[in-house]
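**Student:** Sharing a sequence plus its predicted fold:
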Amino acid sequence: MKVLFTIGFPLFALMLLFFGCNEKPKESPLDNGNITKPLSQNLTESNNSKEYTNIPNSHLNKENTLNKENTFNFKDQKKIAHILSIENNQLLFKDISQPIVVLNFFSTWSLPCQSEAPYLSDLQKKYSHDIFVMGIMIHPNKYLKDLEAFILKTQVDYFISSSDDNDRFVKQILKNMHMAETFSIPLTIIYYKGNYYRHYEGIVPIEMIEHDVKVLLQ
């Protein structure tokens, strides 16, 4: 999918869109230390600017019961918690009233993730009664020490989960969407009343996500 930029898209974010992913992270996010190639045939492409990460099989606890495997406990640095369950590919948040949930899977070292975060904060503020933005930190145990600096640098003003359940949740979402475990970041998925609506791989103009929000609210 080709991205059409609107006139209002900030020049800074536009520059990062084309050049941000050429920067190599100081530390690879992959457990095996490699950057893997995209599986673009079955993934929605938002642009040509991508960074890749991987959720290894080891993060699944095979001893969990079905209920435990489909229930996830998200907590942020302030210990605010949200419990989510998945039933028939539908996300059920019992304590979130907004009809639209925007999941943003990110890593602290990723320049595209860093550049997208402030605009997600603006979106959350603008549509606070209609959407709930949730950042899902990938490999939180490995990069937790960098989260505070990420939040301060990007001025994040939405919920970010640093829970041990994060990677297990990502793996389940990818399975439900029939996506490969290697995927580009940031990965943004939009749900309406618990049902999948659309997803974007890589950084995208915030106007595109806002357009989706407006369509869903009509």
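**Tutor:** On my side now, so go ahead.
**Student:** For the closest residue in space to Y192 that isn't next to it in sequence, give me its contacts.
**Tutor:** Closest residue to Y192 apart from its sequence neighbours, by Cβ to Cβ, 6 or more residues apart in numbering: L216 at 4.9 Å. Glycine gets a C-beta too; all of them are placed from N, C-alpha and C. Contact analysis of L216 by Cβ atoms under 8 Å, 6 or more residues apart in numbering lists P99, I100, I190, Y192, Y197.
**Student:** close enough to count as contact, E181 and L174?
**Tutor:** Yes - using Cβ atoms under 8 Å, E181 makes contact with L174 at a distance of 5.9 Å.
**Student:** and K78, how many neighbours?
**Tutor:** Residues lying near K78 (other Cβ atoms under 10 Å) number 8.
**Student:** That should have said L120, apologies.
**Tutor:** 25.
**Student:** What's the per-residue pLDDT of it here?
**Tutor:** Looking at L120, its pLDDT stands at 97.
**Student:** other SSEs contacting the helix or strand encompassing it?
**Tutor:** Per DSSP states H and E, L120 falls inside helix 111-126. Helices and strands touching helix 111-126, by 3 or more Cβ pairs under 8 Å, 6 or more residues apart in numbering; DSSP states H and E, are helix 11-19, strand 51-54, strand 100-106, strand 131-137, helix 147-154, helix 206-217.
**Student:** Tell me which residues of stretch 72-90 come out buried.
**Tutor:** Neighbour-count burial for stretch 72-90, counted by 16 or more other Cβ atoms under 10 Å, picks out F72, F74, K75, D76, H82, L84, I86.
**Student:** do the same with stretch 151-168
**Tutor:** Neighbour-count burial for stretch 151-168, with 16+ other Cβ under 10 Å as criterion, is recorded at 151, 154, 156, 158-163, 165-168.
**Student:** could the residues you listed go into TSV alongside secondary structure, pLDDT and distance to K94?
**Tutor:** Formatted as TSV, these follow (DSSP: H, G, I helix; E, B strand; the rest coil; pLDDT from 0 to 100; distance: Cβ to Cβ, whole Å):
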residue	secondary structure	pLDDT	distance to K94
I151	helix	93	26
T154	helix	94	29
V156	coil	94	24
Y158	coil	96	19
F159	strand	95	15
I160	strand	95	20
S161	strand	94	16
S162	coil	91	21
S163	coil	88	16
D165	coil	92	16
N166	helix	93	19
D167	helix	92	23
R168	helix	92	19
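**Student:** Of the residues you listed, just say which sits nearest to K142.
**Tutor:** D167 (9.6 Å; Cβ to Cβ).
**Student:** Surely that closest one is in contact with I138?
**Tutor:** Yes - taking Cβ under 8 Å as the definition, D167 is a contact partner of I138 at 6.8 Å.
**Student:** just to revisit the earlier point, for P186, find the nearest of the helices and strands packed on helix 111-126.
**Tutor:** From the helices and strands packed on helix 111-126, taking Cβ to Cβ, the stretch that ends up closest is strand 100-106, at 4.8 Å.
**Student:** Give me the neighbour count for I209.
**Tutor:** I209: 22 surrounding residues under other Cβ under 10 Å.
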